[in-house]
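> With the input below, show me the fold.
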Amino acid sequence: MTAARRLTAVAGLAALLSLAALPAHAEKIRLGYWTSGFSLGIGAVLEAEKFLEKEGLEVEYVKFSEVNGPTKAILTKSIDLAVAVPTAGSMQAVADGAPVRIVLATQVAEGQIVTLASSGVTGIADLKGRKVGMSPAGSATYALTTAFLEANHGLKLSDYQVVHANEARLAQFLAQGEIAAGALRAVTVAQINETPVRVLANNVDEWKRLSGSNSVPILATAIVHDDFAAGSPEAIVKFILGLKKASDYGARNTARVAQILKDSASLADDDATAYAKLWEQIYIASLSAGDLATLKRQEAIYKAGGTLTKDVPPSAYDTRFYEQARARLP
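Numbering: from 1, shown residues only. Coordinates of the predicted model:
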């Protein structure tokens, strides 16, 4: 073989080796999330740190300004997956026969019922006959808060007046004295440090009292359309792997998370830091037997309170993808 042919052969072999070293073609997914409230942090970190792309996915992030936007988009197949969908909404969708399934628990319902420190309200019993602010009817927070008030404290819906609003408005109503108390997320409470508040109840403690367990209430889930689950099971496993790594990352990298929140959501330094410090209390990525038991208990609470109008079939919870992802983790 001449020197020229040897060089050509070597070059050809090198080219083949370089092609073999390239990653497999990335599978595309359209991931939807609400760009406010409890889904803001995890969505922003996923995008900024490319956790899903590192798992071999090509991701189109579809953002929604309304909390139920991702669920509606799943139903029309405008997106493939939705992260941080309120549990009440995801359960109702499946109960109504929608072609979706729940593949992961993603957020803890870590909120608190608070009043102004200067108010005359010193306990839950003092809320009788007063205005209590909380998220809209049909939301997981509303369903859990009303259940806690009645089951743990004997306050029925008819005993107080509910004022519905988003977190920012509720914080404003509380500061202005327009409501006696508000059901707020821990992040919101931490961010209104200029308004001293008194904590009347903590959701996690209230849940443990109500359920008689050491579990935590689940605020949100990840859902997927049946057609995508059937056609792209590996993409769902990779999504769960990436979300788990993002959840763990946020708990260990407070400063970086705070910077991401400042960059993506224009949060003030103090607000971003307060949010980041609570990361570990907010985000999970699991669908264990314990999580399923919690979700089943929440189903019963939602149905008893009228938030859920039908039974949720057992097939709603598809653990296959979580189990496969967990087997790949170190």
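
> C-alpha from now on. contacts and neighbour counts both.
Will do.

> For the protein, which segments count as strands?
In the chain, the segments counted as strands under DSSP state E are 27-34, 57-64, 81-86, 100-108, 112-116, 131-134, 161-164, 181-184, 197-202, 218-225, 283-286.

> Output the ones you listed in TSV, with distance to Leu40 and mean pLDDT appended to each entry.
Output for these, formatted as TSV (distance: least, Cα to Cα, whole Å; pLDDT from 0 to 100):
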stretch	distance to Leu40	mean pLDDT
strand 27-34	7	94
strand 57-64	10	96
strand 81-86	9	92
strand 100-108	11	97
strand 112-116	19	97
strand 131-134	19	97
strand 161-164	21	96
strand 181-184	16	96
strand 197-202	22	96
strand 218-225	13	96
strand 283-286	11	96
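
> Quick one, which of the ones you listed gets closest to Ala293.
Ala293 sits nearest to strand 218-225 of all those, at 10.8 Å, using Cα to Cα.

> what packs against that closest one?
helix 69-75, strand 81-86, helix 87-95, strand 100-108, helix 140-153, helix 289-304 (3 or more Cα pairs under 8 Å, 6 or more residues apart in numbering; DSSP states H and E).

> Highest average neighbour count across these: which stretch is it?
Burial of those is given as mean neighbour count (mean count of other Cα atoms under 10 Å); strand 81-86 ranks first at a mean of 27.

> In terms of secondary structure, what does that strand contact?
The helices and strands touching strand 81-86, judged by 3+ Cα pairs under 8 Å, 6+ apart, are strand 27-34, helix 69-75, strand 100-108, strand 218-225.

> Which of the ones you listed sits closest to Asp263?
Closest to Asp263 of the helices and strands packed on strand 81-86 is strand 27-34 (Cα to Cα; 16.8 Å).

> Pull out the buried positions in the closest one.
Within strand 27-34, the residues scored as buried using 16 or more other Cα atoms under 10 Å are Ile29, Arg30, Leu31, Gly32, Tyr33, Trp34.

> Looks like the fifth one contacts Val83 (just checking).
Which is Tyr33. Yes - assessed by Cα atoms under 8 Å, Tyr33 is found in contact with Val83 at 5.6 Å.

> which neighbours do the two share?
Counting by Cα atoms under 8 Å, 6 or more residues apart in numbering, the contacts common to Tyr33 and Val83 are Ser39, Pro70.

> picking that back up, out of the helices and strands packed on strand 81-86, nearest to Glu60?
strand 27-34 (4.7 Å).

> Which neighbouring elements make contact with that closest one?
helix 40-49, strand 57-64, helix 69-75, strand 81-86.

> Could you dump the ones you listed into JSON lines and include distance to Pro313?
JSON lines is the format used below for those (distance: least, Cα to Cα, whole Å):
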{"stretch": "helix 40-49", "distance to Pro313": "28"}
{"stretch": "strand 57-64", "distance to Pro313": "28"}
{"stretch": "helix 69-75", "distance to Pro313": "18"}
{"stretch": "strand 81-86", "distance to Pro313": "17"}
